[in-house]
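Peer 1: Predicted model follows, preceded by the sequence.
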Amino acid sequence: MKIEYCADIIALYNEQQIVVIERFTFPFGYALPGGRRDRKENGKLETVIECAKREFKEETGLDLIIEGKLGIYDTIGRDPRGPKSSTVVYGQGTGILKNEIEKTHAFLMHLQDIDKNKEKFTFDHYQILCDYRKK
C-alpha cells in the first residue's frame, strides 16, 4: 500500500486555545485540522506549508500563520485508513472560525482540557498534542 503524505496543524487561537475539529466521517472523533498533500496542476506535490494552510482554511475557515515544525509522525497504524506520514506544524489561527459543512465541526479547546478528552481524539493526535506541550 502506498504511503500518503499529509500535514497536521496545531494552531492557537487568541493565544489561549487550540483549534480542534470533530470529524463527521470515518474515523470519527476529535482531531487536529489537516489532511493529505495534493498534487498541483503541474503534477508536483504540494509543500507541507501549502497543504497546511489549505487544509486549515478548508476545515476551520481560519488563516494560518506557521511558526514552526513539531515533527514527522509516521508510525504504522496511526491512521486506520492506511499508511500516512504527517508533518506537524504549529502556529496561530486568525479570522472567523467556521465548520466544513457535513465534514467537520471546528471548535476551541484549552490546552489543559486535552487530557480529559484524550479518549475522544482519533489517529495519534492526542500524542501529538502531548509532544507539543513538552516543547
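Peer 2: It's in.

Peer 1: C-terminal to the biggest helix by length in the chain, what's the next element?
Peer 2: Looking across the chain with DSSP state H, the single longest helix is helix 48-60. Scanning forward in sequence from helix 48-60, with DSSP states H and E defining helices and strands, the next element found is strand 63-73.

Peer 1: Kindly export that next one (C-alpha atoms) in CSV.
Peer 2: Taking Å, rounded to 0.1, in the frame of the first residue of the first chain, the C-alpha atoms of strand 63-73 are listed here in CSV:
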residue,chain,number,x,y,z
ASP,A,63,-6.0,31.6,8.1
LEU,A,64,-2.8,30.0,9.5
ILE,A,65,0.4,31.8,10.5
ILE,A,66,3.0,29.0,10.8
GLU,A,67,5.6,29.4,13.5
GLY,A,68,7.5,26.1,13.4
LYS,A,69,7.5,22.4,12.8
LEU,A,70,6.9,19.9,15.6
GLY,A,71,8.0,16.8,13.7
ILE,A,72,7.0,13.9,11.4
TYR,A,73,4.6,11.3,12.6
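
Peer 1: Do you know the pLDDT at the residue of the chain most remote from its centre?
Peer 2: The outermost residue of the chain, judged by C-alpha distance from the chain's mean C-alpha position using Cα atoms, centre = their mean, is N42 at 25.5 Å. As predicted, N42 sits at a pLDDT of 92.

Peer 1: Repeat that for I76.
Peer 2: 93.

Peer 1: Assign it to one of the three secondary structure states.
Peer 2: Secondary structure assignment for I76 (DSSP: H, G, I helix; E, B strand; the rest coil): coil.
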